[in-house]
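>>> Using only what follows, build the 3D model:
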Amino acid sequence: MSHSLSLLFYIKKSKADEQGKANIYMRITLDGRRAECSLSRKVKLNEWNSKTQLALGNSATAQEINRHLAVIKNKVYSIQQNFERDNLSYSATTLRDATLGKDKTKKMLLKIFQDHNDKVESLIGKDFSAGTAERYRTCKKHVEEFIKKKYNKKDIPVKDVNHKFITGLEYYLKSTRNCAHNSAIKYITNFKKIIRIAHANDWIDKDPFLHWKGKLKIVEREFLTQEEIQKIIDKELKMDRLDQVRDIFIFCCFTGLAYADVKKLTKDDIVIGVDGEQWIKTRRTKTDTRSNIPILPIAQSLIEKYKDNALMKVKNLVLPVLSNQKMNAYIKEIADLCGINKNLTFHLARHTFATTVTLSNGVPIESVSKMLGHTNLKTTQHYAKILDMKVSKDMDILRNKFK
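From the prediction side, this is the model:
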């Protein structure tokens with residue numbers, strides 16, 4: 001949203017002192033609302049030009065006053081740009097206080113962090129997901145514990161955060177908290193937003209993240225082969241809980257839905273598509289982007305299997321999904337029973353859909369990206385390594401023709 005901002009430097013002649021000098025004031029007007037303050041500079045009444053809003057003459061005093069006014073003017077516009085960049089709301093009063101650096105020493109890091117988290121919590125379901133709010137809560141907890149360990153304090157002024165603090169926090173996450181590299185970098189990136197808020201409000205003079213570079217490592221994503229999928233499908237499971245988890249896991253292997261999305265999948269999300277067949281049309285919990293997925297026969301058969309489930313009818317849900325913890329524990333148990341030596345997690349089903357089920361069978365990467373609900377094609381390209389396997393198989397066929 002664009003704002004109408006204007007600045008005015010002026011003096012109050014009626015309040016001149018005995019020496020004929022008056023204080024210089026600044027008036028910030030934003031969208032018709034004003035905020036004023038004294039700039040702690042005085043000028044003689046006959047040495048002030050109200051039209052140019054500058055001190056007259058070339059004296060050292062006049063030059064110093066004019067330089068100060070130029071600095072103040074640039075500072076106001078710079079602070080406004082920071083607010084705009086970080087998509088923060090502000091007013092004429094906010095700009096004035098930020099320019100004057102009011103309460104800069106009183107702004108405490110964890111208090112700013114908590115205020116931010118409270119706003120995120122209040123916007124769950126609108127601008128943020130529950131998962132995002134949880135990550136910020138965990139990040140604040142890590143920062144809080146680091147401050148206690150490093151400084152033996154409950155909180156520190158935000159102005160004390162520097163490059164050494166950031167690198168120290170990164171080391172703490174990797175060593176004491178035993179976070180993997182990518183997890184640590186993501187926490188630092190979450191923390192970076194809090195510091196940017198402080199910088200935008202001019203609670204700190206410079207951004208301590210200026211020389212910090214966090215680069216994520218490329219993670220090799222595991223997935224199941226067609227043979228391994230078939231092993232899980234064909235395995236006779238004697239316990240109902242394992243059979244139920246197997247069904248939901250296989251359903252996600254053939255739809256690409258993440259845990260949070262299959263858990264909330266309702267019968268209303270299953271519609272007739274443009275081809276006259278049944279499709280899943282839902283919004284991803286993580287990114288709020290739309291996923292449009294044609295339902296393959298195996299997934300359709302699993303929907304049919306649970307359509308008469310009494311509890312599912314009451315809740316209007318498609319499948320009886322257990323807690324994430326139980327789903328992950330039981331799918332590992334199923335992997336052991338099937339003799340699959342991979343670290344199976346429920347999210348592996350989504351990777352399997354992207355690779356084994358779609359890309360390896362010639363589905364264009366753009367279509368896969370749309371079905372997965374990715375906001376960026378680069379995210380989907382992490383799965384494109386499967387194409388090398390497909391090329392190898394295709395070349396084997398060609399090789400055999402030349403034998």
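
>>> quick one: secondary structure of Asp275?
Following DSSP: H, G, I helix; E, B strand; the rest coil, Asp275 is assigned to coil.

>>> got the phi/psi numbers for it?
With angles defined as degrees, to the nearest 10, Asp275 sits at phi -90, psi 0.

>>> what's the answer for the one 5 residues further on, then?
Main-chain dihedrals, Ile280, degrees, to the nearest 10: phi -100, psi 120.

>>> just checking, it touches Ser291?
Yes - counting by C-beta atoms under 8 Å, Ile280 touches Ser291, with 7.0 Å between them. For the C-beta atoms, the positions are set from N, CA and C on the backbone; glycine is no exception.

>>> shared neighbours of the two, anything?
Taking C-beta atoms under 8 Å, 6 or more residues apart in numbering as the criterion, Ile280 and Ser291 both touch Leu257.

>>> Quick check: nearest residue in space to Asn201, chain neighbours excluded?
Nearest-residue entry for Asn201: Ala98, 5.4 Å, with adjacent residues in sequence omitted and distances by C-beta to C-beta, 6 or more residues apart in numbering.

>>> any idea how far Lys213 is from that neighbour?
28 Å (C-beta to C-beta, to the nearest Å).

>>> ditto for Gly373
From Gly373 to Lys213 the distance is 30 Å (C-beta to C-beta).

>>> the more surrounded of those two?
For Gly373 versus Lys213, neighbours defined as other C-beta atoms under 10 Å are more numerous around Gly373 (23 against 6).

>>> helix, strand or coil for the residue nearest to Asn201?
Ala98 - assigned by three-state DSSP - is helix.

>>> how about Asn23, secondary structure?
Relying on three-state DSSP, one would call Asn23 strand.

>>> Now for the closest residue to it other than its chain neighbours, how many residues are close by?
Counting by C-beta to C-beta, 6+ apart, the nearest residue to Asn23 once its immediate chain neighbours are dropped is Ser38, at 5.0 Å. By the criterion of other C-beta under 10 Å, Ser38 has 12 neighbours.

>>> which residues touch Ser38?
Applying C-beta under 8 Å, 6+ apart to Ser38 gives the contacts Asn23, Ile24, Tyr25.

>>> again, only using 10 Å
Taking C-beta atoms under 10 Å, 6 or more residues apart in numbering, we find Ser38 in contact with Lys12, Asn23, Ile24, Tyr25, Met26, Leu100.

>>> Okay, buried residues for stretch 279-295 please.
Neighbour counts over stretch 279-295 (16 or more other C-beta atoms under 10 Å) mark Trp279, Ile280, Thr282, Arg284, Thr285, Ser291, Ile293, Ile295 as buried.

>>> Pick the one among those closest to Ser323.
The closest of the buried residues of stretch 279-295 to Ser323 turns out to be Thr285 (C-beta to C-beta; 15.3 Å).

>>> how close does the closest one sit to Ser183?
Remark: distance between Thr285 and Ser183 (C-beta to C-beta) = 20 Å.

>>> Also Glu366?
30 Å.

>>> Looking at these two, which one has more neighbours?
Under the criterion of other C-beta under 10 Å, the comparison of Glu366 against Ser183 puts Ser183 first, with 14 against 10.

>>> hang on, the more buried one packs against Gly214?
No - shown here, Ser183 and Gly214 do not form a contact pair, counting by C-beta atoms under 10 Å, at 11.6 Å.

>>> and the spatially most central residue of the chain, what does it touch?
With distances taken as C-alpha atoms, centre = their mean, Thr132 lies nearest the centre of the chain, 6.6 Å away. By C-beta under 10 Å, 6+ apart, Thr132 lies in contact with Val120, Leu123, Ile124, Asn190, Lys286, Thr287.

>>> Pull the distance from the helix or strand hosting it to the chain's centre.
Under the criterion of DSSP states H and E, Thr132 resides in helix 130-151. Chain-centre distance of helix 130-151: 15 Å, with C-alpha atoms, centre = their mean, to the nearest Å.

>>> After it, heading C-terminal, what element do we hit next?
helix 163-175.

>>> That next one - contacts with which helices or strands?
In terms of contacts (3 or more C-beta pairs under 10 Å, 6 or more residues apart in numbering; DSSP states H and E), helix 163-175 is packed against helix 130-151, helix 181-200.

>>> Could you list every helix and strand in contact with the shortest one?
In terms of contact count using 3+ C-beta pairs under 10 Å, 6+ apart, helix 181-200 is assigned the packing partners helix 60-85, helix 109-122, helix 130-151, helix 163-175.

>>> Pull out the buried residues from it.
By neighbour count with 16+ other C-beta under 10 Å, helix 181-200 contains the buried residues 184-188, 190-192, 194-200.

>>> and what of the first one?
Neighbour counts using 16+ other C-beta under 10 Å place Thr132, Ala133, Arg135, Tyr136, Cys139, Lys140, His142, Val143, Glu144, Phe146, Ile147 of helix 130-151 among the buried residues.

>>> residues in contact with the second one?
Each residue near Ala133 by C-beta under 10 Å, 6+ apart is listed here: Asn117, Asp118, Lys119, Val120, Glu121, Ser122, Leu123, Ile124.

>>> Report the buried members of those.
Neighbour counting by 16+ other C-beta under 10 Å classes Asn117, Val120 among the contacts of Ala133 as buried.

>>> about what we covered before: which of the buried residues of stretch 279-295 sit farthest apart?
Spatial extent of these (C-beta to C-beta) is set by the pair Thr285 and Ile295 at 19.6 Å.

>>> For the stretch 251-400 of the chain, which segments are assigned as helices?
For the stretch 251-400 of the chain, the helices defined by DSSP state H, counting those that start in this stretch occupy 259-263, 297-306, 310-315, 324-338, 348-352, 365-372, 377-381, 386-402.

>>> Run through the stretch 101-250 of the chain and note the low-pLDDT ranges.
Counting by pLDDT under 70, the stretch 101-250 of the chain shows low-confidence ranges at 103-106.

>>> how about a cut-off of 50?
Applying pLDDT under 50 to the stretch 101-250 of the chain picks out residues 105.

>>> quick one, the helix holding Thr132 and helix 163-175 angle?
110 degrees (axes from the mean of the first three to the mean of the last three C-alpha atoms, to 10 degrees).

>>> I'd like to know how many residues surround Ile303.
18.
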